[in-house]
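**Q** Take this sequence and fold it.
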Amino acid sequence: MNERKKHWSEMGRVKNSDWFRRLPELERQAVLAALETDTHESAVNLRAFLTFTYSTVICASASTIWAAVFGVQVLWFGVAGGVVGGVVGFLAARIIVVQKTPQDADAMQRIMGAFVGLPEMALLVLGLVALTVRAMA
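**A** A predicted model of the protein is given here:
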């Protein structure tokens, strides 16, 4: 028996199909509910992966820029920032993955973005400002 997991975009393909449009409203809701339980895992995993990637890239970039500001080894600071960002991103991704529905995962991704992403982005912007001021001096 073919037990492949449905891709998260399969919901759109089903909604746009002719057979789905011909179903009565109650049956449409049942089909959508069944699809949501099948596809929510991949949608939640995608949100967790994006959060992990965002955190890793922003931390690595911020630490690389601050290394350039202070004139220390840029490569090693970038790698260290990537590792720190990866750990923080992994912890944030684990919080997102345990959510029960895609809506809860979306809300948790926004919360993690506020608590984790905004401070990381602020460090990056401050590093860019400091690098610009140092270059002008």
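**Q** Distance from the lengthiest helix in the chain to the middle of the chain?
**A** For the chain, the helix reaching the highest residue count under DSSP state H is reported as helix 25-70. Here the centre of helix 25-70 is set off from its chain's centre by 3 Å, with CA atoms, centre = their mean, to the nearest Å.
**Q** For the helix or strand following it, enumerate the helices and strands it packs against.
**A** Where DSSP states H and E defines the elements, the next helix or strand beyond helix 25-70 is helix 74-97. Applying 3 or more CB pairs under 8 Å, 6 or more residues apart in numbering; DSSP states H and E, we find helix 74-97 packed against helix 25-70, helix 102-112. Placement of C-beta: from N, CA and C, glycine included.
**Q** Now do helix 74-97: everything it contacts.
**A** 44-45, 47-49, 51-64, 66-68, 105, 108-109, 112, 116, 120 (CB atoms under 8 Å, 6 or more residues apart in numbering).
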